[in-house]
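# Kindly return the folded structure for what I paste below:
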Amino acid sequence: MAEIPLARLLYPLFLAVAVALLYLRWSGDARTPWVAIGRMLLQLTLVGYVLAYIFQAEDAYVVLGVFLVMATAAGWIGLRTATRERGRLYPMALLAILLGAGSALVVAVVGVLRPVPWFSPSVWIPLGGMAFSNGMNAVSLAAERFFAEIAQGRGGAQALAPAYRAALIPATNALLAVGLVSIPGLMTGQILAGVSPLVAARYQILVMLMVYSAAGLSAGLFLLQARDR
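Numbers count the residues shown, from 1 in each chain. As a prediction, this is how the structure comes out:
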């Protein structure tokens, strides 16, 4: 693939700034969009350097450390809307994401891709990011809807079903829309790199199944813990 000059990234950045200004005008919030854009730029720049080092190191313990950082951050960010209960719910969210998203990731890599060496960072880390981020989003939606139902006077068992349905809306929509409304990033990247669309489609099927399972398992494990406690 052709390397993108940094100067050309200014074009989409101008549009993002326009969105931030519109957000400021309508909401009065001058902080959120700028923090989000700034963090994205900083985090992706740093992760580029970090991944370049990790891919060269090819160390299983380094990969494990990266996953622990991902899961730790995902559990905390996923409870962003539950600020009052965040400390108490965090262990539950972390366990749900580790077991739910982690199981989906292991099946995808060990069961399907089978990289050599088995701990190949260039396989585990990108897919791990997809699995953990989808688990995080599902837990976030599940927590918000679950406690909204509780606040309306419903019991834990009654709140479980609507919370689980809400948690899976993005993942379900992604399954329904792929190929009709959207061509996802992984498939697009592979096609741009010259890979056959048929081969790219297989990889995308694997990813879609993995992220759907990661979301569903993570949300389910979190809600079961929340209901019992």
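
# can we go C-alpha only for contacts and neighbour counts from here?
Fine.

# and V62, helix, strand or coil?
helix (DSSP: H, G, I helix; E, B strand; the rest coil).

# Number of residues surrounding it?
15 (other Cα atoms under 10 Å).

# G28 versus that one, what's the distance?
V62 sits 43 Å away from G28, going by Cα to Cα, to the nearest Å.

# Quick check: which ranges of the protein have low pLDDT?
Across the chain, the ranges flagged by pLDDT under 70 are 1-2, 82-83, 182.

# again, 80 this time
By pLDDT under 80, the weakly predicted segments of the chain are 1-4, 55, 57-58, 80-85, 156, 179-194, 229.

# any idea how the chain splits into domains?
Structurally, the chain divides into domains by automatic domain parsing as follows: 1-57, 60-228.

# among those domains, which is the most enclosed?
Highest mean neighbour count among these (mean count of other Cα atoms under 10 Å): domain 60-228, with a mean of 19.

# Need the distance between the two termini of that one.
36 Å.

# now it, how far from the centre of its chain.
6 Å (Cα atoms, centre = their mean, to the nearest Å).

# which residue sits closest to the one residue sitting closest to the centre of the chain in space, ignoring its chain neighbours?
With distances taken as Cα atoms, centre = their mean, S133 lies nearest the centre of the chain, 1.6 Å away. The spatially closest residue to S133, leaving aside those adjacent along the chain, is A74, at 6.6 Å (Cα to Cα, 6 or more residues apart in numbering).

# and the one you found, what does it touch?
L94, I97, F132, S133, G135, M136 (Cα atoms under 8 Å, 6 or more residues apart in numbering).

# That one: what secondary structure?
A74 ends up helix, using three-state DSSP.

# go on, T81?
T81 - assigned by three-state DSSP - is coil.

# That one - nearest residue in space that isn't next to it in sequence?
Nearest non-adjacent residue to T81 (Cα to Cα, 6+ apart): E144, at 6.5 Å.

# Kindly report the same for N137.
Take N137 and drop its neighbours on the chain: the residue closest to it by Cα to Cα, 6+ apart is G78, 6.1 Å away.

# how much space between I125 and T45?
From I125 to T45 the distance is 16 Å (Cα to Cα).

# repeat for A74
Taking Cα to Cα, one finds A74 at 19 Å from T45.

# tell me the secondary structure for the most far-flung residue of the chain relative to its centre?
The outermost residue of the chain relative to its centre, with distances by Cα atoms, centre = their mean, is G153 at 31.2 Å. When classified by three-state DSSP, G153 comes out as coil.

# contacting residues around it?
Contacts for G153 (Cα under 8 Å, 6+ apart) come out as none.

# Same question for the one 10 residues further on.
A163 makes contact with L141, A142, A143, E144, R145, F146, E149, L223, according to Cα under 8 Å, 6+ apart.

# Closest to A171 out of those residues?
Distance to A171 across the contacts of A163 (Cα to Cα) is lowest for L141, with 11.4 Å.

# Is it correct that V116 falls within a strand?
No: counting by three-state DSSP, V116 is not part of a strand but coil.
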